[in-house]
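> quick one: sequence plus predicted model below, questions after.
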Amino acid sequence: MDGGENFPLRIEQIFAAGCEEWRVGDTLPEQLCENWQMVYLFSGTAEEHGDRRTMTLRAGQLVFHRPGETVSMRAVGKVPPEVLRVGFVCSSAVLDELYGRTLRIDLAEKLRMQQIAGAVQELFGPAAEPGGVPVRKAEPPFGAEQYLCASLELLLIQLVRARRRTR
């Protein structure tokens, strides 16, 4: 038994991740998602573009982009957005349940998101410029990537369970 039934969702790797405050007007140039990507706003507002759709994300909302999707972002509004962006490898088809929707998260999920942001800052240093590629730290704390993967897995499980309860 491969554990697929008991462990239906596994994060295999963190590709890149960053949590930073943007200035209003900053942009993330168009880029191709090589892996799944989660985008969450702790504060402010941003226009998130993915293939043929544009979403306005506000504080407390998140969206997922799938591999092969072309994405970009622009910080809008009056409050500079604090943006968490995590690129990760996951082969589970269950992520399709979260794709294409702007999701608002509850208090328990916000606490998990803060945990993820802390784990991101342990593993990655800031990008040279807003929207740039974050730099993986040479000597992160013990188990930093595993901790981030486990935290992200728990958040995704929470989100899928909540979505299935409301259906």
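Structure received. Numbers count the residues shown, from 1 in each chain.
> which helix or strand lies directly C-terminal to the helix or strand bottoming out on mean pLDDT in the chain?
Within the chain, no helix or strand scores below strand 27-32, which has a mean of 91 by mean pLDDT, DSSP states H and E. Using DSSP states H and E, the helix or strand that follows strand 27-32 in sequence is strand 36-43.
> which residues sit against the next helix-or-strand element following that following strand?
As assigned by DSSP H and E, the chain's next helix or strand after strand 36-43 is strand 45-50. The contact list for strand 45-50 (Cβ atoms under 8 Å, 6 or more residues apart in numbering) reads 22, 30, 39, 54-59, 63, 65, 69-77, 79, 81, 83. For every residue, glycine as well, the C-beta is placed using N, CA and C.
> quick one: buried ones out of the residues you listed?
Among the contacts of strand 45-50, those buried by neighbour count (16 or more other Cβ atoms under 10 Å) are 22, 39, 55, 57-59, 63, 65, 69, 71, 73-76, 81, 83.
> in strands only, show me those residues.
Among the buried ones among the contacts of strand 45-50, the ones falling in strands (DSSP state E) are 39, 55, 57-58, 63, 65, 71, 73-76, 83.
> before we move on, the earlier item: which residues touch the least confident helix or strand of the chain?
The contact list for strand 27-32 (Cβ under 8 Å, 6+ apart) reads 49, 68-75, 130-131.
> try it again with 6 Å
For strand 27-32, the external contacting residues (Cβ atoms under 6 Å, 6 or more residues apart in numbering) are 70, 72-74, 131.
> that strand vs strand 45-50, what angle?
When axes from the mean of the first three to the mean of the last three Cα atoms, to 10 degrees is applied, the directions of strand 27-32 and strand 45-50 differ by 20 degrees.
> need the contact list for Met38.
64, 86.
> likewise Gly60?
Gly60 makes contact with Arg104, according to Cβ under 6 Å, 6+ apart.
> quickly note the distance from it to Arg161.
Per Cβ to Cβ, to the nearest Å, Gly60 is found 19 Å from Arg161.
> just to revisit the earlier point, adding pLDDT and distance to Lys110, write the contacts of strand 27-32 out as TSV.
Putting those into TSV (pLDDT from 0 to 100; distance: Cβ to Cβ, whole Å) gives the following:
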residue	pLDDT	distance to Lys110
Thr70	95	29
Ser72	94	26
Met73	95	21
Arg74	95	24
Gly131	73	24
